[in-house]
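**Student:** Based on what follows, work out the 3D shape:
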Amino acid sequence: MTNASILANRDARNRIILGTLGFGAIGGAIGLNIAILRNLQPIARHTLTMAANWSLTGLFFLTTREALLLEQHTSRRPTFSVAREHDQMFSSVLAGGLTGGILNFVARGNKKAFVSGALGFSVLAAGGQCLFTLANRKRQQIIVDRIMAENKSLQQEQESVLADESNSLVARLRRALSVDPITLLPEWFPLRRIPSDEYREILELRKEEIRFKLSRLRGIVDDMDRREQALLRKLTETKP
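**Tutor:** Numbering: from 1, shown residues only. Next comes the predicted model:
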């Protein structure tokens, strides 16, 4: 993983820059305090030297850490591209070990110094990563709690508005008009609403009654026609 690919990632680049500035600020504060306590002159030179050393250390550590994280992300499937906590811990410990080992080896010039520096910085990196993880979890929990509180407050406001609207005069009138007035009548009242099934049965009965009456009328008309024909025959027979 090259530095160019690391710097091409905006998030990684921002973490490296901000982290390096943070290391430099911590180193400058430590150098200033040491210069004051030990009365080292000039104070500004010792402060800037310590800040520069810490900045270089932080730059190497953060660049190595981001390179390891990017290597883990690119080697995974796209659905698992987000860095997990154990990936961050692994990258921080390994980057801390390399940084501490190289710095201690350059300072003392032997292999034992590399091992002791690697172990010491690995422990420091692991502790720092644990603190960062805990702080990040706490921040996420605060955000979740705040969103849940806002949603709960919004829900309560909506329920309050709905309750006020349901008790308003317009809502009462709407409910009163939506109720069937016939259903409000007592059971002994002769007027009632007929269900659809019962209404169809009544229509069928009426239809049968009309058919029966029509058949009777047809019979009466046929009978009258027969009488009329018989009367006409008698009149015809009685003519001279």
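**Student:** where in this structure is pLDDT low?
**Tutor:** Residue ranges of the chain with pLDDT under 70: 1-7, 75-83, 161-173, 175-177, 179-192, 239-240.
**Student:** and it, what are its domains?
**Tutor:** By the assignment in automatic domain parsing, the chain contains the domains 3-160, 196-240.
**Student:** Is it possible to get these out as CSV so that each row also shows mean neighbour count and distance to Arg174?
**Tutor:** Just so you know, the C-beta spots here come from the backbone N, C-alpha and C atoms, and that holds for glycine as well. As requested, the domains of the chain are exported to CSV (neighbours: other Cβ atoms under 10 Å; distance: least, Cβ to Cβ, whole Å):
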stretch, mean neighbour count, distance to Arg174
domain 3-160, 15, 19
domain 196-240, 9, 26
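**Student:** name the element the closest residue to Gln72 other than its chain neighbours belongs to?
**Tutor:** Spatial nearest neighbour of Gln72, chain neighbours left out: Asp87 (5.2 Å); criterion: Cβ to Cβ, 6 or more residues apart in numbering. Using DSSP states H and E, Asp87 sits within helix 85-108.
**Student:** List the neighbours of that helix that are in contact with it.
**Tutor:** Here helix 85-108 makes contact (Cβ atoms under 8 Å, 6 or more residues apart in numbering) with 57, 60-62, 64-66, 68-69, 72, 111, 113-122, 124-126, 128-130, 132-133.
**Student:** do that again at 7 Å, thanks
**Tutor:** The contact list for helix 85-108, computed with Cβ atoms under 7 Å, 6 or more residues apart in numbering, reads 57, 60-61, 64-65, 68-69, 72, 113-118, 120-122, 124-126, 128-129, 133.
**Student:** do the same with stretch 110-127
**Tutor:** 89, 92-93, 95-97, 99-101, 103-105, 107.
**Student:** quick check: longest helix of this protein.
**Tutor:** Longest helix in the chain, counting residues (DSSP state H): helix 111-166.
**Student:** any idea of the angle the helix holding Asp87 forms with helix 111-166?
**Tutor:** 150 degrees (axes from the mean of the first three to the mean of the last three Cα atoms, to 10 degrees).
**Student:** Check which element follows the helix or strand hosting Ala12 along the chain.
**Tutor:** Assessed by DSSP H and E, Ala12 sits inside helix 10-38. Later in the chain than helix 10-38, the nearest helix or strand by DSSP H and E is helix 43-74.
**Student:** Could you single out the nearest of the contacts of stretch 110-127 to Ile147?
**Tutor:** Ile147 lies nearest to Met89 out of the contacts of stretch 110-127, by Cβ to Cβ, at 27.5 Å.
**Student:** now the closest one: how far from Asp223?
**Tutor:** According to Cβ to Cβ, to the nearest Å, Met89 and Asp223 sit 111 Å apart.
**Student:** do the same with Lys234
**Tutor:** 17 Å.
**Student:** The closest residue to Ala25 other than its chain neighbours: what's it in contact with?
**Tutor:** Of all residues not flanking Ala25 in the chain, Ala51 sits nearest, at 7.3 Å (Cβ to Cβ, 6+ apart). By Cβ under 7 Å, 6+ apart, Ala51 lies in contact with 24, 27-28, 31.
**Student:** Now with 6 Å, please.
**Tutor:** By Cβ atoms under 6 Å, 6 or more residues apart in numbering, the residues touching Ala51 are 24, 27-28.
**Student:** which among these gets closest to Ser160?
**Tutor:** Among the contacts of Ala51, and counting by Cβ to Cβ, the member closest to Ser160 is Gly24, at 53.2 Å.
**Student:** Is it correct that that closest one is in contact with Thr57?
**Tutor:** No: the pair Gly24 / Thr57 is not scored as a contact, 9.6 Å apart, by Cβ atoms under 6 Å.
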